[in-house]
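1. How does the following fold in three dimensions:
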Amino acid sequence: MKKTIYLADDEKSIREVLVAFLQSEGYIVTAFADGLALWERFQVQPCDLAILDIMMPRMDGFETCKLIRDISTIPIVMLSARNSDLDYATGINIGSDDYFTKPFSATSLTMRVKAIFRRIEMDISTLPDNNTSLQLGDILLIRNQKTLMIQQQKISLTPNEYNLLEYLLLNKHRAVSRDEVLQTIWGYNYDVETRAADDTVRRLRKKMQHSNVAIETIWGFGFRILMSTNEKY
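-> Numbers count the residues shown, from 1 in each chain. Okay, here's the model as predicted:
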């Protein structure tokens, strides 16, 4: 079945270019001039991925992202006309999966969308012991249900958050490099510039803040998951 994408941007030229590129890859794309129009459609008929400009009339990308994230874990990509660390941090903190600063290459965005879907569609049944649970400390990952439990409470995860946590738990005996994570989880080549891995780790840390398990950053290399201490990381 073809994947559906909703795109919201108040610039008609950008909508037209992105729709053309994404449709050329076989996606079903619906474009909207603002976040409110996209949100109203989403409540009636959800999509598989959303691309949201930040600055739009009636409802901006941040508010649209928050509303979608309250009811769905679909991938969300944010677009910004400003190279602002605040915009970037805000988008990531409210649950977006990636971020592009205008002007950007429509080809690059299309490749990023393909990588996101490729990872979601990956047949994880090829992983060993797929029907088992993964446990470390007080966290339990129920793999066949894609569910995280912390101290017997269910924690909601986006697909990328789940996939990254699962990969770290499967490799808890070692540190994994940032490049390895990007290639395995997102399907990006080593030369792709993105902070997606770091920001997904940041979101996971927030959701695991009351757990006795921590994701440690190994500066200049990558990450590892381990029982936490009282030290800050």
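2. Show me the shaky parts of the protein.
-> Applying pLDDT under 70 to the chain picks out residues 82-94, 120-131, 187-194, 229-233.
3. what are the ranges of the helices in it?
-> All helices of the chain, identified by DSSP state H, fall at 12-24, 35-44, 61-71, 85-93, 106-121, 159-170, 178-181, 196-207.
4. Dump those helices into TSV; add mean neighbour count and distance to residue 79 as well.
-> C-betas here are computed from N, CA, C, even on glycine. As requested, the helices of the chain are arranged in TSV below (neighbours: other CB atoms under 10 Å; distance: least, CB to CB, whole Å):
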stretch	mean neighbour count	distance to residue 79
helix 12-24	15	8
helix 35-44	18	12
helix 61-71	19	7
helix 85-93	16	9
helix 106-121	17	8
helix 159-170	21	18
helix 178-181	19	24
helix 196-207	19	15
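5. Tabulate those in a markdown table, adding columns for distance to residue 139.
-> Listed next are the helices of the chain as a markdown table, based on distance: least, CB to CB, whole Å:
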| stretch | distance to residue 139 |
| --- | --- |
| helix 12-24 | 36 |
| helix 35-44 | 31 |
| helix 61-71 | 21 |
| helix 85-93 | 21 |
| helix 106-121 | 22 |
| helix 159-170 | 8 |
| helix 178-181 | 19 |
| helix 196-207 | 10 |
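6. I'd like to know which of those lies nearest to residue 221.
-> Distance to residue 221, taken as CB to CB, is lowest for helix 178-181 among those, at 7.0 Å.
7. Compare the helices of the chain and give me the one nearest residue 132.
-> Between residue 132 and the helices of the chain, the shortest gap by CB to CB is with helix 159-170, which sits at 10.7 Å.
8. So what touches that closest one?
-> By CB atoms under 8 Å, 6 or more residues apart in numbering, the surrounding residues in contact with helix 159-170 are 73-75, 97, 116, 119-120, 127, 134, 136, 141, 143, 146, 148, 157, 176, 181, 184-186, 196-197, 200-201, 203-204, 207, 215, 223-225.
9. the inter-axis angle of that helix versus helix 106-121?
-> Inter-element angle recorded for helix 159-170 and helix 106-121: 60 degrees (by axes from the mean of the first three to the mean of the last three CA atoms, to 10 degrees).
10. Begin at 368, not 1, for the rest of this chat.
-> OK, 368 is where the count begins now, so the last one is helix 526-537.
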